[in-house]
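>>> from the sequence below, what's the structure:
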Amino acid sequence: MKMRFAVVALCALTVTLVAAGPSAPQSSSQQLDAVVDAIVARPARGASTPRPDPVVLLATLRAIDPKTLSFDEQIDRRFAETILVGRAVSAPAGQPMGEAAYTRMLKEQDLLAYDAAGLWDYAWKEFNATVTELETLARSIDSRKTWLEIANTVKQDHPDASKMIEAHQEIVDKARAHLVSHDLMTLPWKETCTVVRRVPTAGNNPYYGSFSGASSRPLAEDGTLRGEWQINPFDPSWDAQTRSDYLVEHDWGVILVTAPHETYGGHHVQIMYQMKNPRRLRQSQSTSMFSEGWGLYNEQLFKETGFFPDPKIQLRQLQLRLWRNARVIYDVGMQTGRMTRADAITLMTDRVGFLRWAAESEVDSALARPGYFIGYFMGMSEILKMRDEYRRARGSAFTLKEFHDRLLRIGSMPPALVREVLLHDLS
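Modelled structure (predicted):
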């Protein structure tokens, strides 16, 4: 009852902030705090009280004079706007978003420079460039085979089915050692990251697994922050084809490439920094444009710093990047009528090399969460641009560790806001 009363009170407070006259003066900071309260509040389980109207909250934010806020408050106000735009922009049940809503999402929620048409063109340009990289690398490995033939050969090398969890843990531990030995970023807290069996949930389950950060469970008795990489387990009772499909999608290549994304220094590290962020909004809220972009960026980072043992694993890394690139194509494509679900599945099977069942699962996940999966490739692209800009600004003082630590401390916001804070610190 107390939680339900609090949410009702927040709704009433929001309306009051918009309509308040001289008799109820509120400072700009107080107005911002009230909106943040409304954004981060979570109704009690089973409560029927609706979430505060994002349109009303947006009006409140946009009525605040930015000059009356500190720099950090200004960033929080703009981050709050992007969150509320995301809540306000949605597709009719079972229908695509359409060109106008998708473009608004890109510009006002993700703070990207692209409209829907521009993103479509950019995604295809990057996709074709990655294919060219794959073809060039394939020729250096075996000029008689296509890149996809080589990738399919790499996928035949997988751990013993009964030791799949242990194999993943082995690579997670190696990823942590690589992060530390190459001084890539700071791990300021006592922490651990464990690979466990994933328990299926209702609805569409990821074909590979998922990551559960330290914010999802209590601290250990000694204060250790605990992340979990949850892997779908092998089931020996499956039929022969299902067993084979599982193993070729859990090869050593995908484990080596995905461990940096999910664990060190990807989601596990980013979530711990988010838990410790001093800004309340940034501690409780995140965007896929940074969090998933950060995960994919770490795949690239670990390639650049020599984690992958040979060119065949590097080719697998490029294939997995092509997959995230394809996500941008079919997300904007399906949401704006440029692609059908069947077109998207064909792209994944014929051009990226996914098994059909995995492609169907991928595409259906994107249909259920419009705009989320573009965060992987677009977020990585924006972080790489930011890194180049920061390297130029810092000159000989630039280090990867300092750059990564600064990004992580700033928070999981749209990259345009992260960049603004990053460069403001240099002024």
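
>>> which residues sit against stretch 275-287?
The contact list for stretch 275-287, computed with C-beta atoms under 8 Å, 6 or more residues apart in numbering, reads 36, 39-40, 72, 76, 79-80, 82-83, 110, 188-189, 214-215, 225, 274, 375, 409-414. C-beta: built from backbone N, CA, C; applies to glycine.

>>> list the buried residues in it.
By neighbour count, and taking 16 or more other C-beta atoms under 10 Å as the criterion, the buried residues in stretch 275-287 are Asn277, Arg279, Leu281, Arg282, Gln283, Ser284, Gln285, Ser286, Thr287.

>>> cross those residues against strands and list the overlap.
Secondary structure from DSSP state E places none of those in strands.

>>> so can I have JSON lines of those residues showing pLDDT and distance to Ser162?
Supplementary listing: the buried residues of stretch 275-287 in JSON lines, determined by pLDDT from 0 to 100; distance: C-beta to C-beta, whole Å:
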{"residue": "Asn277", "pLDDT": "97", "distance to Ser162": "41"}
{"residue": "Arg279", "pLDDT": "97", "distance to Ser162": "46"}
{"residue": "Leu281", "pLDDT": "97", "distance to Ser162": "45"}
{"residue": "Arg282", "pLDDT": "97", "distance to Ser162": "42"}
{"residue": "Gln283", "pLDDT": "97", "distance to Ser162": "40"}
{"residue": "Ser284", "pLDDT": "96", "distance to Ser162": "40"}
{"residue": "Gln285", "pLDDT": "96", "distance to Ser162": "41"}
{"residue": "Ser286", "pLDDT": "96", "distance to Ser162": "36"}
{"residue": "Thr287", "pLDDT": "97", "distance to Ser162": "39"}
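
>>> quick one: which of those residues is nearest to Arg144?
Distance to Arg144 across these (C-beta to C-beta) is lowest for Thr287, with 44.4 Å.

>>> got phi/psi on the closest one?
Note on Thr287: backbone dihedrals following degrees, to the nearest 10 are phi -130, psi 140.

>>> Phe354 too?
Listed backbone geometry of Phe354 is phi -80, psi 150, with angles given as degrees, to the nearest 10.

>>> contacting residues around it?
For Phe354, the contacting residues are Trp323, Met348, Glu362, by C-beta under 8 Å, 6+ apart.

>>> now the one helix or strand the last one maps to, how far from the centre of its chain.
The reference is to Glu362. If you go by DSSP states H and E, Glu362 is part of helix 356-368. Averaging C-alpha positions (C-alpha atoms, centre = their mean, to the nearest Å) puts helix 356-368 17 Å from its chain's average.

>>> list the helices and strands the helix or strand following that helix packs on?
Next helix or strand after helix 356-368 toward the C-terminus (DSSP H and E): helix 374-394. Counting contacts by 3 or more C-beta pairs under 8 Å, 6 or more residues apart in numbering; DSSP states H and E, helix 374-394 packs against helix 116-141, helix 288-304, helix 311-336, helix 400-410, helix 415-424.

>>> outline the domain layout of this structure.
Listed domain ranges for the chain are 2-105, 133-380 (source: automatic domain parsing).

>>> point out the most buried one among those.
Counting by mean count of other C-beta atoms under 10 Å, domain 133-380 has the highest mean neighbour count of those, with a mean of 19.

>>> just the buried residues of stretch 275-287: which are in helices?
Counting by DSSP state H, the part of the buried residues of stretch 275-287 found in helices is Leu281, Arg282, Gln283, Ser284.

>>> and those, which is closest to Asp388?
Arg282 (24.3 Å).

>>> hang on, the earlier thing: the domains of the chain into JSON lines, with extra columns for distance to Phe127?
What follows is these, written out as JSON lines (distance: least, C-beta to C-beta, whole Å):
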{"stretch": "domain 2-105", "distance to Phe127": "19"}
{"stretch": "domain 133-380", "distance to Phe127": "5"}
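
>>> show me which of the contacts of Phe354 is closest to Gly379.
Checking the contacts of Phe354 against Gly379 with C-beta to C-beta, the nearest one is Trp323 at 14.8 Å.

>>> which residues are in contact with the closest one?
By C-beta under 8 Å, 6+ apart, the contact set of Trp323 is Met348, Val352, Phe354, Glu362.

>>> likewise for Asp65?
Neighbours of Asp65 in contact, by C-beta under 8 Å, 6+ apart: Ser28.

>>> gap between it and Ser27?
Applying C-beta to C-beta, to the nearest Å, the value for Asp65 to Ser27 is 11 Å.

>>> count of residues packed around the residue nearest to Glu382 when sequence neighbours are not counted?
Using C-beta to C-beta, 6 or more residues apart in numbering and skipping the chain neighbours, the partner closest in space to Glu382 is Pro415 (3.7 Å). Pro415 is surrounded by 27 other residues when neighbours are defined as other C-beta atoms under 10 Å.
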